[in-house]
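**Q** prediction below, plus the sequence it came from.
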Amino acid sequence: MEFVKTIFAKYKPYYWSSLVVAAPVVISQLGHTLVQTADSIVVGQFAGTIPLAAVSLVHSVFMIVLVLGLGIAYGITPLVAQENGRKNYIECAKLLSNSIAINALTGIALFLLVYFGSMAVIDHLGQSPAVVKEAKPYLLILSLSIFPLMIFSAFKQFAEGLGFTRQAMNITIWGNVLNIILAIVFVKGMFGIPPMGVRGVGYATLIDRILMSLAMGIYLFKAPIFKQYIQGFSWLFIESGRAIKLLRIGAPVAMQYVFEIGAFATAAILAGTFGAEAQAAHQVAIQLASSTYMMASGVAAAATIRVGTSYGKKNSYRLKMYASSSYHIIILFMSFTALVFILFNNFLPHIFTQDKAVVAIASQLLLLAGIFQLFDGTQVVGLGILRGVSDVNVPTFIAFVSYWVIGIPVAYILSKYTSLGLIGIWYGLTIGLMFSSVLLFFRYRRKTNN
């Protein structure tokens, strides 16, 4: 106990500093998930089963595109944190100029990818024709929202890189409220507006993201706290060297997201081969684990900001203290949620379904999810710390090896060639995450000579 008190006293300022930054980021990141959740609830309540299935299909197709964009947008955060640490405010403004340009071009490219790629692929996924018919207009409208989302992300990641995280949180909260209200009005048909069905949630999301982008931009350029950081900003100041510098961070981060999201999507498809009940149980357990992952990603984002600022100041002591404190926080938090999963494994699945067969399977998966999420939390914090020192290429390779060379192959072998079945998929994912967590930790130690 005395040892714990000593550790807590040593790291207390760093724990608090990290959590102050992390909390608003968690809420902002949850906002992306909540938009999709709100769309599903509104459509399910007011439009019916076929439109709800269309929303599910579109979100599955759209998610890879979304994480590609969000990964590219992330490139500015560690670079701005480092320049802020050096008090090089002019460079911060120039990075913002280039980030907006890159995000705008990325938004256009991703829209074209959806329009000419996903719109064609969706016809060949073996889905019900009625569902595809409903899905296509929604996918097209949702793809239009990529551009304003990318502009919002440029402003958001810039502000967060400077340590200002509450602004994006507040705008995200109000944006989600507006999205839900507009979705209900458009889908159901109110105030003289004809019922739009599934297209209504698409229009609601598009309007919401346009207004969020405008609100974040106006706040950033008008608020006194940002004044010193935007001196020298110009909409026309685009320089290839800085653009490449941003992409060297953003592109690998985008690929990290794609490797991870792709692996979990593959695991879901693999779970489906064991029947509808197994697939539903897998979805319940993954959804619960994903909620804790979002908390972990907030701690990881805070680690990127605090470590990046310390790296910019060349303060290796504070860098190591922030990195270590981030690991402490996530291990403690994930251990607590693991205990919750284990103690309430028979109760938690009832939040999602009353199907006894699904609940029985999901309750077994939650026992393994405790270990699963401990490694999931530590690996995402490891990624966050390394992003803070602009180390992204090796972590991207680690992500690829952990998920696609180890995790998914092991999941397939254990589920198909042993008696483990569905549980074998979770063993594979857990082993993959364990490799990622351990390798990223040793990478951090090597980069910081710790």
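**A** Nice, thanks for sending it over. Keep in mind that this is a model prediction, so the values were computed, not measured.
**Q** and stretch 202-214, how far from the chain's centre?
**A** Mean-position distance between stretch 202-214 and its chain equals 19 Å (C-alpha atoms, centre = their mean, to the nearest Å).
**Q** identify all contacting residues around that stretch.
**A** Outside stretch 202-214, the residues that touch it by C-beta atoms under 8 Å, 6 or more residues apart in numbering are 35, 39, 137-138, 140-142, 144-145, 148-149, 151-152, 155, 171-172, 175-176, 178-180, 182-183, 185-186, 196. In this view, the C-beta of every residue, glycine as well, is placed from N, C-alpha and C.
**Q** filter those down to just the buried residues.
**A** 35, 39, 137-138, 140-142, 144-145, 148-149, 151-152, 155, 171-172, 175-176, 179-180, 182-183, 185-186, 196 (16 or more other C-beta atoms under 10 Å).
**Q** from the residues you listed, which ones fall inside helices?
**A** Residues of these located in helices (DSSP state H): 35, 39, 137-138, 140-142, 144, 148-149, 151-152, 155, 171-172, 175-176, 179-180, 182-183.
**Q** measure Phe155 to His282 for me?
**A** With distances taken as C-beta to C-beta, to the nearest Å, Phe155 is found 37 Å from His282.
**Q** what does Gly250 give?
**A** In terms of C-beta to C-beta, Gly250 sits 31 Å off from His282.
**Q** same question, Thr6
**A** Distance from Thr6 to His282, by C-beta to C-beta: 43 Å.
**Q** next: Gly117.
**A** In terms of C-beta to C-beta, Gly117 sits 27 Å off from His282.
**Q** got the contact list for the nearest residue to Leu339 once chain neighbours are set aside?
**A** Computed as C-beta to C-beta, 6 or more residues apart in numbering, the closest residue to Leu339 that is not its neighbour in sequence is Gly370, at 7.3 Å. Residues near Gly370 by C-beta under 8 Å, 6+ apart: 337-339, 341-342.
**Q** and the strands in the chain, which stretches?
**A** Assigned strands in the chain: none (criterion: DSSP state E).
**Q** tell me how it divides into domains.
**A** 22-238, 251-450 (automatic domain parsing).
**Q** of Gly250 and His282, which one has the most company?
**A** For the pair Gly250 and His282, the greater number of neighbours falls to Gly250 (27 against 23), based on other C-beta atoms under 10 Å.
**Q** hmm, that one is touching Leu79, no?
**A** No: assessed by C-beta atoms under 8 Å, Gly250 is found out of contact with Leu79, at 9.7 Å.
**Q** residues near Gly421, how many?
**A** 15.
**Q** can you pull the contacts of it?
**A** 274, 278, 415.
**Q** quick one: it and Tyr412, what's the gap?
**A** On the measure of C-beta to C-beta, Gly421 and Tyr412 end up 12 Å apart.
**Q** Arg318 too?
**A** Taking C-beta to C-beta, one finds Arg318 at 44 Å from Tyr412.
**Q** show me which of the two is the more surrounded one.
**A** Neighbours were tallied for Arg318 and for Tyr412 using other C-beta under 10 Å; the higher tally belongs to Arg318 (19 against 16).
**Q** contacting residues around the closest residue to that one other than its chain neighbours?
**A** Once flanking residues are discounted, Arg318 sits nearest to Ser310: 4.2 Å by C-beta to C-beta, 6+ apart. Contact analysis of Ser310 by C-beta under 8 Å, 6+ apart lists 85, 316, 318-319, 322, 388.
**Q** and those residues, which are buried?
**A** Buried, going by 16+ other C-beta under 10 Å: 85, 318-319, 322, 388, out of the contacts of Ser310.
**Q** out of the domains of the chain, flag the one nearest Pro13.
**A** domain 251-450 (8.5 Å; C-beta to C-beta).
**Q** pLDDT of that closest one, averaged?
**A** Mean pLDDT, domain 251-450: 84.
**Q** now swap in stretch 15-25 and tell me
**A** 75.
**Q** what does stretch 206-218 give?
**A** Rounded mean pLDDT across stretch 206-218 is 90.
**Q** ok, and for it, which residues are buried?
**A** 206-213, 215-216.
**Q** possible to save those as a markdown table with distance to Phe400?
**A** A markdown table is the format used below for the buried residues of stretch 206-218 (distance: C-beta to C-beta, whole Å):
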| residue | distance to Phe400 |
| --- | --- |
| Leu206 | 34 |
| Ile207 | 38 |
| Asp208 | 34 |
| Arg209 | 31 |
| Ile210 | 35 |
| Leu211 | 37 |
| Met212 | 33 |
| Ser213 | 32 |
| Ala215 | 37 |
| Met216 | 33 |
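**Q** and those, which is closest to Ala104?
**A** Ser213 (10.8 Å).
**Q** so how far is Ile27 from that closest one?
**A** For Ser213, the distance to Ile27 - C-beta to C-beta - is 18 Å.
**Q** just the buried residues of stretch 184-192, please?
**A** Under 16+ other C-beta under 10 Å, the buried positions of stretch 184-192 are 184-188.
**Q** how about CSV for those, with distance to Gly428 and pLDDT added?
**A** Shown next, in CSV, are these (distance: C-beta to C-beta, whole Å; pLDDT from 0 to 100):
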residue, distance to Gly428, pLDDT
Ile184, 41, 80
Val185, 45, 82
Phe186, 42, 79
Val187, 39, 71
Lys188, 43, 72
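**Q** thought Phe341 was touching Val284?
**A** No: in this structure Phe341 lies outside contact range of Val284 using C-beta under 8 Å: 11.7 Å.
**Q** count the neighbours of the nearest residue to Ile225 once chain neighbours are set aside for me.
**A** Spatial nearest neighbour of Ile225, chain neighbours left out: Phe164 (6.7 Å); criterion: C-beta to C-beta, 6+ apart. Burial of Phe164 is recorded as 20 neighbouring residues (other C-beta under 10 Å).
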